[in-house]
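S.K.: Generate a structure from the sequence data that follows.
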Amino acid sequence: MRYCANRNHFVQKVTPSECRRGKKIPLVVPACHKCGFCERFICMPVCCMCPSIGPIAAIFFGAAIYINLAEQPARLALDAGAALREWVPAYRRGFEMQASLAIVSCLLGAMAWWQTGNALWALGAAVIILNWPYTLLVIMPVNRRLETTRPDQANAETHELIARWGRLHAGRSALGAVATMVYFTAAASAL
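M.R.: Presented below is the predicted three-dimensional model:
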């Protein structure tokens, strides 16, 4: 039971099985069928939101694995200067896209967990957001070294740093794959 501050009474949280029967589950507060206020102004069907969470994580994973399987091998076939010239703008664009996808996926997963009580949504959210600390703590030192190297000064050490960056990036791909599997398992368990 939770308290509905809008209408001064206690309400029960709606279960996922009730959601399948067409009831609404709240976005911000527990479903309040006594006064209808919460349902009219704050609620949305979780059944409509949950199926989008797995595909968002899958897009993250697809982008990450593309880098590992296609972009990075092609980059490593170039000389050090050309590889660095390609890496810098590619990394910036990829970071913007993947960082956004990780945040959106995490927030949606957290909301789904809060609404349904299914811990798999929380686990998926935690795994996908782990990309942020992993990038900041593990990959960022390599990024900084690569970003401060000028392409005309690139050498064998630069080429090895780019190769190392690719191996570290595989960790992001793995986190994306795990989060995607967890989210799809959570969605399947609600069926």
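S.K.: Quick check: closest non-adjacent residue to the residue nearest to the spatial centre of the chain.
M.R.: The residue lying closest to the centre of the chain (Cα atoms, centre = their mean) is Ala102, at 2.6 Å. Excluding the flanking residues, the one nearest Ala102 by Cβ to Cβ, 6 or more residues apart in numbering is Asn131, at 4.8 Å. For the C-beta atoms, the positions are set from N, CA and C on the backbone; glycine is no exception.
S.K.: how deep is the one you found tucked in, by neighbour count?
M.R.: 25 (other Cβ atoms under 10 Å).
S.K.: One more: Ala177?
M.R.: If we define neighbours as other Cβ under 10 Å, then Ala177 has 18 of them.
S.K.: before we move on, what SS does it have?
M.R.: Three-state call for Ala177 (DSSP: H, G, I helix; E, B strand; the rest coil): helix.
S.K.: How about it, nearest residue that isn't a chain neighbour?
M.R.: Phe61 (5.2 Å).
S.K.: Please apply the same query to Ala119.
M.R.: Trp113 is the one closest to Ala119 (Cβ to Cβ, 6+ apart), at 6.8 Å.
S.K.: Show me what the helix or strand harbouring that neighbour is packed up against.
M.R.: Trp113 belongs to helix 80-116 when assigned by DSSP states H and E. Contact analysis of helix 80-116 by 3 or more Cβ pairs under 8 Å, 6 or more residues apart in numbering; DSSP states H and E lists strand 25-26, helix 46-66, helix 72-76, helix 119-129, helix 131-134, helix 140-148, helix 156-189 as its packing neighbours.
S.K.: Please point out which parts of that helix sit buried.
M.R.: For helix 80-116, the neighbour count (16 or more other Cβ atoms under 10 Å) marks 80-81, 83-87, 91, 94, 98, 101-102, 104-106, 108-116 as buried.
S.K.: picking up where we left off before, can you name the residues that contact the residue nearest to Ala177?
M.R.: By Cβ atoms under 8 Å, 6 or more residues apart in numbering, the residues touching Phe61 are 173, 176-177, 179-180.
S.K.: Kindly recompute the last result at 7 Å.
M.R.: Residues near Phe61 by Cβ atoms under 7 Å, 6 or more residues apart in numbering: 173, 176-177, 180.
S.K.: now, among those residues, which is nearest to Ala163?
M.R.: The nearest member of the contacts of Phe61 to Ala163, counting by Cβ to Cβ, is Ser173 at 15.6 Å.
S.K.: what's the distance between the nearest residue to the closest one once chain neighbours are set aside and Ser100?
M.R.: Leaving out its chain neighbours, the residue that sits closest to Ser173 by Cβ to Cβ, 6+ apart is Ala64, at 4.0 Å. As judged by Cβ to Cβ, to the nearest Å, Ala64 and Ser100 stand 13 Å apart.
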